[in-house]
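Engineer: What would the 3D arrangement of this be:
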Amino acid sequence: MSHSHGHLHRFDENERSGDARLLGAVVVNILLTVVQVIGGVISGSLSLLADALHNSSDAGALVIAWVARRIGRKPADGRQTFGYRRAELVGALINATILNVLGLYLVYVAVLRALAPAPVEGWTVVVVAAMALVVDVATALLTYQMAGRSLNVKAAFVHNIADAFSSAAVIVAGVLIVAYQWFVADVIVTFAIAGYVLYHGVTITREASRILTLGVPVGVHVSVLADALRSLDGVADVHHLHVWALDESQRSFEGHVVIDQRDTRLAEQVKRRMREVLRREGITHATIECEYGAVSSECREGEVVRQH
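Structural biologist: Have a look, this model is predicted:
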């Protein structure tokens, strides 16, 4: 009992520490956005203003991630029998949508600047972008450890990493402007930032949508899994297979298995062997219904994977 209590205590401490890191990152990003907007207006740099806009979305992304994490930790109840962990996926989807809209907007303003070029104060761009780069890296480090465990935090982390790359690219543009008066570098960097933002926005949207729409987890091939289950001793056939993910870490399985003989002990052995196969696919929860004899046409209706 004491061991379990200690484990839960450490878990709570880690969660509170994660929340504190996210809130700290929010404050830093808000301050940085103000500095970048001022620097962008003074210098006339579109790429610096684009970086500021992206940075302001970082603060929003981190707030959304923080709220979603807190909701996601609520235990299962009568209204949500699976718990609230998918709240983090909703947060990830919201953040990804913000990334996509932001990326498209940056493309729009970059096209306008390309059609109507304007001079840019290079040194102001370099100084402010260098400050932003330091802050972006620090903020990314605050969320790095959590990003590997949560698609929600990963979306916020991508915001910060994209900002770090953006700031580095803006510095390069500023140097080119100072050294060669190459003002088109400002537009090129803005297009590059937009492309990077859109790439990650679309990627996270696809990952979150796959889970929310009960898609088969990445890396799991239902037909291959069905063949592996059919090859087990005592299994005559499997059908009505469904594989989905509750969140990024929990995979579930539901299926019917036809047993060679009407034998309760054999059925339990078959289910145990099936669960061993499923565990190798990272599936931690399985609901297996045993059947005996021929499979009815009603049970075959809507089946995705049929026997060869």
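
Engineer: C-alpha from now on. contacts and neighbour counts both.
Structural biologist: OK.

Engineer: Check which residues of stretch 270-289 are buried.
Structural biologist: For stretch 270-289, the neighbour count (16 or more other CA atoms under 10 Å) marks V270, K271, M274, R275, V277, L278, I283, T284, H285, A286, I288 as buried.

Engineer: Need the three-state assignment for G255.
Structural biologist: For G255, the assignment made with DSSP: H, G, I helix; E, B strand; the rest coil gives strand.

Engineer: Tell me, how many residues neighbour it?
Structural biologist: 16 (other CA atoms under 10 Å).

Engineer: The one 5 residues further on too?
Structural biologist: Other residues near D260 come to 16 when the count uses other CA under 10 Å.

Engineer: Spit out the contact partners of it.
Structural biologist: G234, V235, A236, Y292, G293 (CA atoms under 8 Å, 6 or more residues apart in numbering).

Engineer: Present the residues you listed as TSV; the columns should include distance to D247 and secondary structure.
Structural biologist: Output for the contacts of D260, formatted as TSV (distance: CA to CA, whole Å; DSSP: H, G, I helix; E, B strand; the rest coil):
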residue	distance to D247	secondary structure
G234	33	coil
V235	30	strand
A236	32	strand
Y292	33	strand
G293	36	coil
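
Engineer: and of those, the nearest to G44?
Structural biologist: V235 (71.1 Å; CA to CA).

Engineer: I'd like to know how far that closest one sits from H256.
Structural biologist: Using CA to CA, to the nearest Å, one obtains 11 Å as the distance from V235 to H256.

Engineer: among the contacts of D260, which two are most distant?
Structural biologist: Using CA to CA, the pair of the contacts of D260 lying farthest apart is G234 and G293, separated by 12.4 Å.

Engineer: what do the two both touch?
Structural biologist: I259, D260, Q261.

Engineer: Mind checking which of those are in strands?
Structural biologist: By the criterion of DSSP state E, membership of the shared contacts of G234 and G293 in strands covers I259.

Engineer: now the shared contacts of G234 and G293 in JSON lines, with pLDDT?
Structural biologist: Below are these laid out as JSON lines (pLDDT from 0 to 100):
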{"residue": "I259", "pLDDT": "91"}
{"residue": "D260", "pLDDT": "81"}
{"residue": "Q261", "pLDDT": "83"}
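
Engineer: Turn the shared contacts of G234 and G293 into TSV, including distance to F183.
Structural biologist: Formatted as TSV, the shared contacts of G234 and G293 follow (distance: CA to CA, whole Å):
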residue	distance to F183
I259	73
D260	76
Q261	78
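
Engineer: quick one on the thing from earlier: and which of the buried residues of stretch 270-289 is nearest to S252?
Structural biologist: Out of those, the member with the shortest distance to S252 (by CA to CA) is H285, at 4.7 Å.

Engineer: where do the strands sit along the stretch 151-300 of the chain?
Structural biologist: Using DSSP state E, counting those that start in this stretch, the strands of the stretch 151-300 of the chain run over 235-245, 251-259, 283-292.

Engineer: would you turn those into CSV with distance to R210?
Structural biologist: As requested, the strands of the stretch 151-300 of the chain are exported to CSV (distance: least, CA to CA, whole Å):
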stretch, distance to R210
strand 235-245, 9
strand 251-259, 13
strand 283-292, 16
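
Engineer: how many neighbours does the residue nearest to H242 when sequence neighbours are not counted have?
Structural biologist: Nearest non-adjacent residue to H242, counting by CA to CA, 6 or more residues apart in numbering: E254, 5.1 Å away. By other CA under 10 Å, the residues close to E254 number 15.

Engineer: and I64, what does it touch?
Structural biologist: Counting by CA under 8 Å, 6+ apart, I64 has contacts G91, N95.
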